[in-house]
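Chemist: Next one to model:
(2 chains)
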Amino acid sequence: MTTETLVNPLREGLKVERAAGPCAIIIFGASGDLTRRKLIPALYRLAHQRLLSPRFAILGTARTEMNDEEFRSRMREAAAESAGEEFDERTWQDFAAGLFYLTTDLAQADAYERLQSVLQRIERERHTEGNRLFYLATIPDIFAQIVERLGERGLSAQLEGRWTRLIVEKPFGYDLASARALNAAIARHFGEEQIYRIDHYLGKETVQNLFVLRFANSIFEPLWNRTHIDHIQITNAETLGVEGRGGYYERAGALRDMIQSHVLQVVSLVAMEPPVTFDGDNVRDEKMKALAAVRPLPRERIHEFAVRGQYGPGSVFGQRVVGYREEPGVDPQSKTETFAALKLHIDNWRWAGVPFYVRSGKRLPKRVTEVAIYFKKVPHDIFVRDGETPRSNLLVIRIQPNEGVTLRFNVKLPGQTMRMRPVNMDFRYSASFGSTLPEAYERLLLDCMLGDATLFARRDMIERSWEIITPVLEAWASEQPDFPNYAAGTWGPREADELLERDGRHWRRL
Amino acid sequence: MVLKAEQHGLRPVKSGFGFDVAAAERALRDQWAAHASSSEEALLRERALNLLVIVEGADSLERAQAALEELMVSHPCRALCLVLLPDAPARTTETYVAARCALAQGKSEAATRRHLCGEQIVLVASADAQLELISAAAALVSSDLPTFAWWRAEPCLDGEFFARLSEMCDRIILDLAMARDAKRHLRAIARLVPTLEETAITDLEWTRTLDWRASLAECYDVAHGREAIQCAQHIKITCVPRHNMNLVPQAALLAGWLISRLEWRVDEQQRQILAPSGAVRFSFDRQQETARVEPGSLTSIEFEAESGAKLSLRLTPDGEHIETVASESVIGRTIRCTDRSETCLLQRELTELARDAIYERAVVATSAICDLY
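Modeler: Residues are numbered from 1 along each chain as shown, chains lettered A, B, ... in the order given. Presented below is the predicted three-dimensional model:
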């Protein structure tokens, strides 16, 4: 269903032209960490920048006993902490007038009736025009149940001229079967155009910059193919351990937690064909085509394509740290991987023969997320007589930290001999633009309120991502790993290096 | 020497009459070399843009300097300050240089101890040396970088100096708050706009109205606010006047913006403004100066429609927030004004490169109503 959009001539040319219209946001799991640390600070900042309609309401709901005032007070603390010096008490007071809380046990029979009644009252008071955004920020186990209840009460319906949307936080399932079941459960009550599967990675400025780098510069795209690119490395390295989330991580692991979601999304952005326009399904169609072209991993030869690891004790940033199995909430005999690396091939004209090596791990020596594009060596080395071998050109897109782009090329060392040295041409966001980059949740929440799904994952993309890693999950489930197999503060197990060395390549030294 | 150079770490570059561009570059290189050998922390010499700052008189440079040093952090650049000295003895030309470094602010551990550096070149010229001045500036701008000019003086939009400046700049930022005769300049800008090809022109007085325009745009989203604006019979704009000014640019530009955005027509013969709902009367009121509100600032705008719909936006007494009040029980709003310091206004302007069609249309409409009020 389409909703009529009012053309506001006064908005044109203002930086607030993408401001959201009136709506009510209903957050399930509102007493949780995500709401406090990310959602409310992001919504407050949107209000601060005038990107949130004055006619908004946020109704938080969770089991924790709280009234509106207590909720506001807790959220004020979170917003103030996040905004720092930018925090403005009057803007907060204005914003807080739209914050409400309902204590509910969602398992109780009358919970949704009460929710609906409170919501209707708030909608009247706040003039939100019946537009609703449901945000599932609870534990994933009850996503399907919440959606079912919303559907039963008719809360998923979109009446004429109004919209109803649903944001689902990751993880989208535990495996292919559960992802399909969750998608099917949601689809019973919400149309695909109403569903926004959030992956905060896609809201990051540097991930969005991938679109600009590729499709707003004519120098890169002609080189962006098998003729010029040797291979691609995508690294997502964290120095942190599980940080008290041992219980969750035990069920997830690096492959599910990072590769299936964030990393494969980045793969699709790097590999996709140019979309016709930068909007919703045009972009997502091209990303999906790239994922669809990922060659299935052979379960019987999975060791040639996938490596897993788990960190033991070691030291990171000069500090001793315990091994994964000693972390709170973790099984002392845990088989959960904290490191995963894959070698992927994309079977299409553009990428035939170009491997994509991806890795993600915890307790690695540095925090870095980046895409490294290795170009082919020169076809004939005219400097071989001088004993010089030019290094491959390299384009690095740093997603975090030190967000930016680096291009490596060879130059002549000054002197009478023909010696060469690789140098970097560097662009850093912080140096060129000075400012702090906006938070991903701000962008994504605003996009959802505006009905722009470009940066959200679609059902087919989620299911395809699970399909890609299913052979790995199955093979790993059937084998006993020799864990721990890397020390905290190192770059993962030896087998990860061998994954590239077999092809005559090496991981980039970071 | 005309400037108190040492006060801002400026180093004079000696030359006879005229400007020695090569000597200025050499002096800067020496400064960078000295910085690199004396600093214990990493220096990141960055040039994301060229910024030309045009000021009149040494005192005016003093006032621009503080903003410029802050700007260097968010927009590391080569800043070329062109100081016009109309009263200086003939054949006065002076050159100064400075390397400017500030500790970079960043979330990442790597960014915390890194100096982010830009550089400043000050060129001083008497009235008879303005062409030498602009030719030196043309030689000193870094090629292929976005080039901005901040004209922090009484604008002079005709003549060779401005023509040469607009050839080398992507965007010229005027500030009609500096103008003695704002009406004359608004008309001149309106005439200039259609003749500009690639160069964009804007005015910090326009930027200062941004919070008001954004608040009005928000009101327009709501039926009641829309009715009050669209069907207004009377619009009253109040501001704190600036000393000796025949027209307050912010008030006039806000009116011009409403007229152009809402496609109202200025009937110069009948001396009235016509909206589809009928004639619209603007009145410009002056409020007494207060300590918390800068002279020249808007303090309120009120709309009154024939139907009785009313809308009022007011600056709070602390000068920090804009309150929206409507006559019906719709939700009002209080929004903090964005920082209106010169530095912040410029920071915003330096993120824009393209021509601002909305401003250009607004200034044409403003020019048309100048004679009506």
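Chemist: Doesn't residue A:93 belong to a helix?
Modeler: Yes: assigned with DSSP: H, G, I helix; E, B strand; the rest coil, residue A:93 falls within a helix.
Chemist: For it, give me its contacts.
Modeler: The contact partners of residue A:93, by Cβ atoms under 8 Å, 6 or more residues apart in numbering or on different chains, come to residue B:334. Glycine gets a C-beta too; all of them are placed from N, C-alpha and C.
Chemist: and the gap between it and residue B:275?
Modeler: From residue A:93 across to residue B:275, the span is 36 Å (Cβ to Cβ, to the nearest Å).
Chemist: for residue A:13, same thing?
Modeler: For residue A:13, the distance to residue B:275 - Cβ to Cβ - is 20 Å.
Chemist: same check, this time on residue A:432
Modeler: For residue A:432, the distance to residue B:275 (Cβ to Cβ) stands at 45 Å.
Chemist: One more: residue B:44?
Modeler: Using Cβ to Cβ, one obtains 54 Å as the distance from residue B:44 to residue B:275.
Chemist: swap in residue B:260?
Modeler: Shown here: residue B:260 relative to residue B:275, a distance of 12 Å by Cβ to Cβ.
Chemist: show me where pLDDT drops low in the stretch 301-450 of chain A?
Modeler: Across the stretch 301-450 of chain A, residues meeting the criterion (pLDDT under 70) sit at A:434-436.
Chemist: mind listing the strands for it?
Modeler: A:306-309, A:311-312, A:314-316, A:319-321, A:339-345, A:355-361, A:368-375, A:394-400, A:404-412, A:420-428 (DSSP state E, counting those that start in this stretch).
Chemist: out of those, deepest packed?
Modeler: Burial of those is given as mean neighbour count (mean count of other Cβ atoms under 10 Å in any protein chain shown); strand A:306-309 ranks first at a mean of 26.
Chemist: Partner strands of that one, with direction?
Modeler: strand A:339-345 (antiparallel) (DSSP bridges).
Chemist: where's the partner strand relative to the chain centroid, distance-wise?
Modeler: Average the C-alpha atoms of strand A:339-345, do the same for its chain, and the two points are 18 Å apart (Cα atoms, centre = their mean, to the nearest Å).
Chemist: Can you pull out the low-pLDDT segments for chain B?
Modeler: For chain B, residues meeting the criterion pLDDT under 70 lie at B:1, B:5, B:39-43, B:103-114, B:244, B:327-331.
Chemist: longest single strand anywhere in it?
Modeler: As far as residue count goes, and with DSSP state E defining each element, the longest strand of chain B is strand B:114-126.
Chemist: angle of the helix or strand that that strand is followed by against strand B:114-126?
Modeler: Scanning forward in sequence from strand B:114-126 by DSSP states H and E, the next helix or strand is helix B:130-140. With axes from the mean of the first three to the mean of the last three Cα atoms, to 10 degrees defining the directions, helix B:130-140 sits at 160 degrees from strand B:114-126.
Chemist: pretty sure residue A:234 belongs to a strand, no?
Modeler: Yes: assigned with three-state DSSP, residue A:234 falls within a strand.
Chemist: So residue A:464 versus residue A:143, what's the distance?
Modeler: In this structure, residue A:464 lies at 20 Å from residue A:143, with Cβ to Cβ as the measure.
Chemist: out of residue B:260 and residue B:275, which sits in the busier spot?
Modeler: Ranked by neighbour count (other Cβ atoms under 10 Å in any protein chain shown), residue B:260 and residue B:275 place residue B:260 first, with 22 against 18.
Chemist: Using the three-state scheme, assign the more buried one.
Modeler: Secondary structure for residue B:260, judged by three-state DSSP, is helix.
Chemist: And the residue of the stretch 1-150 of chain A that's closest to chain B?
Modeler: The shortest separation between the stretch 1-150 of chain A and chain B is 3.2 Å, found at residue A:13 (distances taken as Cβ to the nearest Cβ).
Chemist: Find the nearest non-adjacent residue to that residue, please.
Modeler: residue B:358 (3.2 Å; Cβ to Cβ, 6 or more residues apart in numbering or on different chains).
Chemist: Then residue A:79?
Modeler: Nearest residue to residue A:79, sequence neighbours excluded (Cβ to Cβ, 6+ apart): residue A:44, at 4.1 Å.
Chemist: Equivalent analysis for residue B:141, please.
Modeler: residue B:50 (4.4 Å).
Chemist: what's across from the one you found in the sheet?
Modeler: residue B:78, residue B:147.
Chemist: Wait, it touches residue B:80, no?
Modeler: Yes: when contacts are counted by Cβ atoms under 8 Å, residue B:50 is listed as touching residue B:80 (6.8 Å).
Chemist: shared neighbours of the two, which are they?
Modeler: When contacts are counted by Cβ under 8 Å, 6+ apart, residue B:50 and residue B:80 are jointly contacted by residue B:141.
Chemist: quick one: furthest residue from the center of chain A?
Modeler: The C-alpha centroid of chain A is most remote from residue A:416, which lies 50.5 Å away (Cα atoms, centre = their mean).
Chemist: so how far is chain B from that residue?
Modeler: 25 Å (Cβ to the nearest Cβ, to the nearest Å).
Chemist: Residue A:373 now?
Modeler: Distance check for residue A:373 against chain B: by Cβ to the nearest Cβ, it reads 22 Å.
Chemist: bridging residues for that residue?
Modeler: Residue A:373 forms beta bridges with residue A:232, residue A:395, as assigned by DSSP bridges.
Chemist: List the residues that contact the residue of chain B most remote from its centre.
Modeler: Within chain B, residue B:307 marks the point farthest from the mean C-alpha position, 38.4 Å out by Cα atoms, centre = their mean. Shown in contact with residue B:307 (Cβ under 8 Å, 6+ apart): B:227, B:231.
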